[in-house]
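Q: Sequence first, then the predicted structure:
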Amino acid sequence: MTSVGTLITVAPTGAETAKVDVPALPTTPEELVETAVACEAAGAALIHIHVRDADHQPTLDPILLSEAVAGIREATDLVVQLSTGGAVTDPLDKRLTVLDAEPDSCSLTCGTTNFGDGIFLNPWGFMVDLYRQAQELEIVPEFELFELGHVHALRRLIDECGLPYGGQVHVDFVLGVPGAMPGTPATLLAGLTMLPPEVTSWSATGIGRTHLPIAATALAAGGHLRVGMEDNLVYAKGQPVAHNSELVSRAAQLATLMQRPPLSTTEARALLAVKDRRLR
Ligand code: KMH
Ligand code: ZN
């Protein structure tokens, strides 16, 4: 499953950090597009988006989601992935409506998990509904794994629903969320041993200070990388991230050093088998 190149995903915003605390967080439509362009130039091929409203608050407003997808498609060739996780306060039915914005890809978390002081709800029925709707709409899910039990749930999901649109199965390990699986190399390697054989590619991201060790472990183990201010706000000790492109550039350097340079957007589209919805 080791790829000759590295898919770099950028998750620039998330739903947890407040703009007032981190002004560098891209929250406006203009900032999001500027970020997408800079991160594509730095080596990213996929963007995982959470949208904010005019008050910089997380939103699942269908118009704002559609505008964000269109804005990034007009300005870049990035694979556009919308979060269906939203914020922990978002109701499940609202999270399903994210697919109406017709992204190339959507996140699909494979089970409920502790999420800091909150609970990130992903009951079985919701996972199946989301998966089936993604299949019907020809949107490629990225299976998010926050717990080792989620890897087992992915097995159950594939048994119940079959393969995604396009036939490729891409998963993303998210390690180091407080209360979920820890961001250690040993945990990531344990997860890899459990992956169903249908999985065709995997990436990993570590939250906070686990960002770099998890990136290095993922590269060494043949995986792809997710970076971004959704997951990590500190570039180095005493140095806050000033722009998401810094994290993408560093990931691209690491990947190149490991003889697995960043995949182009064309290569990423083939790896993930996304439907071609490009505007340019
Ligand atoms: N914001 C978290 C509650 C996803 O994007 O699908 C969920 C999350 C996962 O970020
Ligand atoms: Zn997310």
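A: Done, it's in. Residues are numbered from 1 along each chain as shown. Ligands and ions are numbered 1, 2, ... in the order given.
Q: Tell me who's in contact with whatever residue of the stretch 1-150 of the chain ends up closest to ligand 1.
A: Nearest residue of the stretch 1-150 of the chain to ligand 1, counting by CB to the nearest ligand atom: G85, 2.5 Å away. (Each C-beta comes from the backbone N, C-alpha and C, glycine too.) By CB atoms under 8 Å, 6 or more residues apart in numbering, the contact list for G85 reads A15, R95, S107, T109, F120, N122, E144.
Q: Okay, and H211 sits in which element?
A: Using DSSP states H and E, H211 falls within helix 211-220.
Q: before we move on, the earlier item: compare the contacts of G85 and tell me which is most surrounded.
A: Among the contacts of G85, T109 has the most neighbours (other CB atoms under 10 Å), with 27 neighbours.
Q: Okay, it and P141: tell me how far apart.
A: As for T109, its distance to P141 is 10 Å (criterion: CB to CB, to the nearest Å).
Q: So which bits of the stretch 51-200 of the chain are right by ligand 1?
A: Contacts of the stretch 51-200 of the chain with ligand 1, taken as CB under 6 Å from any ligand atom, map to S83, T84, G85, A87, V88, S107, T109, F115, F120, E144.
Q: Tell me the one of those nearest G166?
A: G166 lies nearest to S107 out of those, by CB to CB, at 16.0 Å.
Q: And the helices in the stretch 1-150 of the chain, which stretches?
A: Taking DSSP state H, counting those that start in this stretch, the helices of the stretch 1-150 of the chain run over residues 29-42, 62-75, 92-96, 124-137, 148-161.
Q: In JSON lines, list the ones you listed along with mean pLDDT and distance to T217.
A: Output for the helices of the stretch 1-150 of the chain, formatted as JSON lines (pLDDT from 0 to 100; distance: least, CB to CB, whole Å):
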{"stretch": "helix 29-42", "mean pLDDT": "99", "distance to T217": "22"}
{"stretch": "helix 62-75", "mean pLDDT": "98", "distance to T217": "29"}
{"stretch": "helix 92-96", "mean pLDDT": "98", "distance to T217": "30"}
{"stretch": "helix 124-137", "mean pLDDT": "98", "distance to T217": "27"}
{"stretch": "helix 148-161", "mean pLDDT": "98", "distance to T217": "15"}
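Q: Point out the most buried one among the ones you listed.
A: Most buried of those by mean neighbour count (mean count of other CB atoms under 10 Å) is helix 29-42; its value is a mean of 20.
Q: what's D159 in contact with, if anything?
A: Contacts for D159 (CB under 8 Å, 6+ apart) come out as none.
Q: so which helix or strand takes in the nearest residue to F143 once chain neighbours are set aside?
A: Nearest residue to F143, sequence neighbours excluded (CB to CB, 6 or more residues apart in numbering): V171, at 4.3 Å. For V171, the enclosing helix or strand under DSSP H and E is strand 170-175.
Q: Report the buried residues of that strand.
A: H170, V171, D172, F173, V174, L175 (16 or more other CB atoms under 10 Å).
Q: chain center to it, what's the gap?
A: 8 Å (CA atoms, centre = their mean, to the nearest Å).
Q: pull the CA atoms of the helix or strand following that strand into CSV?
A: Toward the C-terminal end, the helix or strand that comes next after strand 170-175 (DSSP H and E) is helix 185-194. Taking Å, rounded to 0.1, in the frame of the first residue of the first chain, the C-alpha atoms of helix 185-194 are listed here in CSV:
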residue,chain,number,x,y,z
PRO,A,185,3.7,5.9,17.1
ALA,A,186,2.7,2.7,18.8
THR,A,187,-1.0,3.5,18.6
LEU,A,188,-0.7,4.4,14.9
LEU,A,189,1.1,1.2,14.2
ALA,A,190,-1.5,-0.8,16.1
GLY,A,191,-4.2,0.8,14.0
LEU,A,192,-2.4,-0.1,10.8
THR,A,193,-2.4,-3.8,11.7
MET,A,194,-6.2,-3.7,12.0
